[in-house]
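In: Structure for this input, please:
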Amino acid sequence: MAQQRIFASATQQQEPTRWLDVFGLLFVAGVLGLGIWFALAHRQATSGPDISLAPAMLPRYAAYSVGRMFLAYLLSMVFSLGYGTLAARSRRAGPVLLAVLDILQSVPILSFLPVVLLSLSALLPQAVAVEAASVVLIFTSQAWNITFAWYQAQTTLPGDLREAVAGYRMGAWQRFRTLDLPFAGVSLLWNSIMSWAGGWFFLMAAEMFTVGSRDFRLPGLGSYLQEAAAREDTTAILMGLGTMMVVIVTLDQLVWRPLLAWGERFKLTMVAEEGQPESWFLDLLRAAGRMAPVRTVLDRGLAPAAEAVDAWLIRRFPPSGESMDAVRNEPWAGRLFAALLFGCVAFGLWKGSGLLVQVSPESWRGMAIGIAATFLRVMAAMAVALAWTLPVGVLIGTNARLARVLQPVVQIAASIPATALFPVFLMVLVDVTHGLNAAAVLLMLLGTQWYLLFNIIAGASSIPRDLKDTAALIGLSRAQRWRTLILPALFPYIVTGAITASGGAWNASIVSEYVSFGGRTLSATGIGAIIARATAEGDFPLLFAGTLSMIVTVVGFNRLVWRRLYRLAEERFRME
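Out: Numbers count the residues shown, from 1 in each chain. As a prediction, this is how the structure comes out:
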């Protein structure tokens with residue numbers, strides 16, 4: 001749910017100009033070029049550890065994978081709070097930061113990994129570098145939508161709450177604890193769930209990766225499923241999928257459902273809503289918290305420690321005479337940091353331009369054809385996704401009783417990574433369709449349909465009750481209700497879901513158009529296959545060129561199509 005945040009912000013501040021888009025592209029190209037320059041200095045052959053398919057190893061592998069996901073989530077949250085706050089409160093840096101972030105979330109995630117992995121190998125021991133690169137890759141699949149969610153919350157704070165905080169002369173920590181975090185709480189929770197789903201999607205790639213002659217792999221559920229698929233061991237694949245589903249359901253019941261139910265207290269509403277989230281585990285914790293022994297431990301142990309930390313932070317960040325929307329600037333430190341950053345980016349652009357010169361004209365023509373082929377697959381996946389998510393999303397969003405039953409099922413299904421299911425479908429589809437084209441579209445569909453579904457559910461559930469009653473009162477037929485009420489109300493949400501779904505489909509093309517399975521390597525014509533093949537062969541000039549080509553295509557399509565559709569949705573289909 002990344003791109004809708006940048007488009008939604010157009011109502012709060014000026015839309016980024018074209019030069020900012022160009023600057024963002026150059027910045028990302030410079031960072032990638034700098035990373036590849038590091039990577040080229042360390043290309044010696046290495047081999048990773050063996051991955052055991054013994055069932056007894058699954059609990060340990062599951063713990064490893066969840067640990068990496070948790071570290072990546074913590075890193076994403078810290079990055080999001082800092083970056084989003086600076087983008088929201090700095091008039092000078094804000095537009096630049098938004099443009100860069102919008103470009104970054106358009107970069108194909110799997111293109112990051114070889115650059116980050118080999119760059120870290122140049123600085124750290126290999127074992128540490130591989131773990132760090134895995135966490136960074138998962139981070140890139142989690143951070144962007146959380147950052148945009150926090151940014152949107154910072155820019156949409158009600159004016160009366162801002163005035164209240166200013167009147168009480170709260171410091172930065174007090175404002176964060178009493179206003180910023182509670183106001184953004186519900187949005188952060190839902191985006192955290194989607195971020196974890198995105199992390200599961202790329203877990204297999206993050207834990208088992210090959211760059212040329214270097215074999216990087218880590219023990220975990222992702223590498224277990226990859227190894228089982230490579231050996232065509234159906235039993236091991238099913239056991240790995242079963243373990244992953246148990247982990248996902250456990251996290252949903254013990255973490256996300258309690259947090260969603262607890263987070264209802266942070267909604268700004270005057271009337272209690274029907275069908276609020278419930279959690280048996282939260283009820284159990286509340287019942288245990290009322291027991292005397294537990295209450296004694298909390299009062300004597302945790303509460304004093306929390307109060308001490310809170311008091312220290314209040315002293316560390318005291319109230320100031322500045323406006324609450326001002327950012328304290330250290331001009332010389334900021335200029336020095338900016339100069340160092342731009343120097344590194346310029347150096348990366350210089351090195352990257354040298355890589356682009358090495359790409360042959362035939363390769364450039366192949367990339368043009370590949371972009372066209374991948375574009376057609378993305379559009380096909382989007383059409384299929386919209387065909388089923390629109391009616392199902394409206395059904396769930398307008399029926400509170402049905403939503404209470406199906407929403408948890410949908411959330412769990414969305415968390416199951418399509419890359420884990422892909423080997424199972426691949427066994428059947430490749431033999432039936434005699435190629436990878438249909439299978440590639442299916443993997444894109446599995447990875448992107450949930451963005452559309454969740455947005456349509458949100459849009460359908462937000463249609464005012466009085467409009468529904470009016471439509472029923474004047475006797476509109478079902479077709480008339482869809483044409484005059486449902487579709488106009490859903491249009492902004494459909495555009496929002498389509499933006500993120502298409503971005504996810506482009507990213508998924510890297511793992512869906514080039515597959516090594518059971519000793520065979522299958523590929524389809526597409527830019528994703530070119531990037532994946534360049535990574536496997538260690539062809540860094542082609543990897544750099546393919547990644548930039550995909551970024552330019554995705555960003556250009558966003559600017560020419562999605563931004564205009566979103567502006568249309570804001571101007572003609574807003575409920576006010």
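
In: contacts and neighbour counts: CA atoms only from here.
Out: Noted.

In: check contacts around Met379.
Out: For Met379, the contacting residues are Ser502, by Cα atoms under 8 Å, 6 or more residues apart in numbering.

In: per-residue pLDDT, it?
Out: Listed pLDDT for Met379 reads 92.

In: Repeat that for Gln276.
Out: Here, the pLDDT recorded for Gln276 equals 62.

In: same thing with Ile412?
Out: In this model, Ile412 carries a pLDDT of 73.

In: Please identify the helix or strand for it.
Out: helix 400-415 (DSSP states H and E).

In: which helices and strands sit right next to that helix?
Out: helix 181-201, helix 234-251, helix 361-398 (3 or more Cα pairs under 8 Å, 6 or more residues apart in numbering; DSSP states H and E).

In: In a markdown table: the ones you listed, plus distance to Gln407.
Out: Shown next, in a markdown table, are the helices and strands packed on helix 400-415 (distance: least, Cα to Cα, whole Å):
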| stretch | distance to Gln407 |
| --- | --- |
| helix 181-201 | 12 |
| helix 234-251 | 13 |
| helix 361-398 | 8 |
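
In: Deepest-packed of these, please.
Out: Highest mean neighbour count among these (mean count of other Cα atoms under 10 Å): helix 181-201, with a mean of 22.

In: how far out from the middle of the chain is that helix?
Out: Remark: helix 181-201 is offset 9 Å from the chain centroid, using Cα atoms, centre = their mean, to the nearest Å.

In: In PDB, list the C-alpha atoms belonging to it.
Out: Extracted in PDB, the C-alpha atoms of helix 181-201 (Å, rounded to 0.1, in the frame of the first residue of the first chain):
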ATOM      1  CA  LEU A 181       1.600   7.300  17.500                       C
ATOM      2  CA  PRO A 182      -2.100   6.900  18.700                       C
ATOM      3  CA  PHE A 183      -3.400   8.800  15.700                       C
ATOM      4  CA  ALA A 184      -1.400   6.600  13.300                       C
ATOM      5  CA  GLY A 185      -1.900   3.400  15.300                       C
ATOM      6  CA  VAL A 186      -4.700   1.700  13.200                       C
ATOM      7  CA  SER A 187      -3.000   2.600   9.900                       C
ATOM      8  CA  LEU A 188       0.300   1.300  11.100                       C
ATOM      9  CA  LEU A 189      -1.200  -2.000  12.300                       C
ATOM     10  CA  TRP A 190      -2.900  -2.700   9.000                       C
ATOM     11  CA  ASN A 191       0.100  -1.800   7.000                       C
ATOM     12  CA  SER A 192       2.300  -3.900   9.300                       C
ATOM     13  CA  ILE A 193       0.100  -6.900   8.400                       C
ATOM     14  CA  MET A 194       0.600  -6.200   4.700                       C
ATOM     15  CA  SER A 195       4.300  -5.700   5.300                       C
ATOM     16  CA  TRP A 196       4.700  -9.100   6.900                       C
ATOM     17  CA  ALA A 197       2.800 -10.600   4.000                       C
ATOM     18  CA  GLY A 198       5.200  -9.000   1.600                       C
ATOM     19  CA  GLY A 199       8.100 -10.200   3.700                       C
ATOM     20  CA  TRP A 200       6.900 -13.800   3.500                       C
ATOM     21  CA  PHE A 201       6.600 -13.400  -0.300                       C
END
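
In: and after it, which helix or strand comes next?
Out: The first helix or strand that comes after helix 181-201 along the chain, using DSSP H and E, is helix 203-207.

In: Contacts for that next one, please.
Out: So helix 203-207 is in contact with 65, 110, 113, 133-135, 137-138, 216-223, 225-226, 419-420, going by Cα under 8 Å, 6+ apart.

In: which residues of the stretch 451-576 of the chain fall in helices?
Out: Assigned by DSSP state H, counting those that start in this stretch, the stretch 451-576 of the chain shows helices spanning 465-473, 478-481, 487-512, 527-537, 540-557, 563-572.

In: Give the rounded mean pLDDT of the second one.
Out: On average, the pLDDT along helix 478-481 is 80.

In: Now do the buried residues in that helix.
Out: Of the residues in helix 478-481, Arg481 count as buried by neighbour count, 16 or more other Cα atoms under 10 Å.

In: Please tell me how far it is from the chain's geometric centre.
Out: With Cα atoms, centre = their mean as the basis, helix 478-481 stands 35 Å off its chain's centre.

In: helices and strands around that helix, which ones?
Out: Against helix 478-481 (3+ Cα pairs under 8 Å, 6+ apart) you get no helix or strand.

In: Select the helix or strand of the protein having the lowest average pLDDT value.
Out: Ranked by mean pLDDT, DSSP states H and E, the helix or strand of the chain with the weakest confidence is helix 3-8, at a mean of 39.

In: Quick check: what element follows it along the chain?
Out: helix 18-40.

In: Show me what that next one is packed against.
Out: helix 93-104, helix 109-123, helix 331-357, helix 540-557.

In: What residues of it count as buried?
Out: For helix 18-40, by 16+ other Cα under 10 Å, it's 20-21, 24-39.

In: which stretches of the stretch 251-400 of the chain have low pLDDT?
Out: 267-277, 288-303, 310, 317, 319-334, 337 (pLDDT under 70).

In: Same question for the stretch 101-250 of the chain.
Out: Under the criterion pLDDT under 70, the flagged ranges of the stretch 101-250 of the chain are 106, 108-114, 122, 156, 159, 166-168, 209-215.

In: tell me which residues of stretch 507-526 are tucked away?
Out: 507-515, 517, 523-526.

In: returning to that earlier point: may I see the helices of the stretch 451-576 of the chain organised as a markdown table, with distance to Trp312 added?
Out: What follows is those, written out as a markdown table (distance: least, Cα to Cα, whole Å):
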| stretch | distance to Trp312 |
| --- | --- |
| helix 465-473 | 47 |
| helix 478-481 | 57 |
| helix 487-512 | 41 |
| helix 527-537 | 48 |
| helix 540-557 | 44 |
| helix 563-572 | 44 |
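
In: right, and those - which one's nearest Asp50?
Out: helix 527-537 (19.0 Å; Cα to Cα).

In: circling back to that earlier point, out of the helices of the stretch 451-576 of the chain, flag the one nearest Trp364.
Out: That would be, of the helices of the stretch 451-576 of the chain and by Cα to Cα, helix 540-557, which comes in at 8.3 Å.

In: got the angle between the closest one and helix 331-357?
Out: Put simply, helix 540-557 runs at 110 degrees to helix 331-357, going by axes from the mean of the first three to the mean of the last three Cα atoms, to 10 degrees.

In: hmm, who's touching helix 540-557?
Out: With Cα under 8 Å, 6+ apart as the test, helix 540-557 has contacts from 25, 29, 32-33, 36, 103, 106-108, 111, 352, 355-356, 358-359, 363, 367, 371, 503, 506, 527, 530-531, 534-535.

In: Return that helix as CSV; C-alpha atoms alone will do.
Out: This file holds the C-alpha atoms of helix 540-557, laid out as CSV (Å, rounded to 0.1, in the frame of the first residue of the first chain):
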residue,chain,number,x,y,z
PHE,A,540,26.3,-6.8,-13.6
PRO,A,541,26.1,-4.5,-16.6
LEU,A,542,23.0,-6.3,-17.8
LEU,A,543,21.6,-6.4,-14.2
PHE,A,544,22.1,-2.6,-13.8
ALA,A,545,20.6,-1.8,-17.2
GLY,A,546,17.6,-4.2,-16.7
THR,A,547,16.9,-2.8,-13.3
LEU,A,548,17.0,0.8,-14.5
SER,A,549,14.8,-0.1,-17.5
MET,A,550,12.1,-1.6,-15.2
ILE,A,551,12.3,1.4,-12.8
VAL,A,552,11.8,3.9,-15.6
THR,A,553,8.9,1.9,-17.0
VAL,A,554,7.1,1.6,-13.7
VAL,A,555,7.6,5.2,-12.7
GLY,A,556,6.6,6.4,-16.2
PHE,A,557,3.4,4.4,-16.2
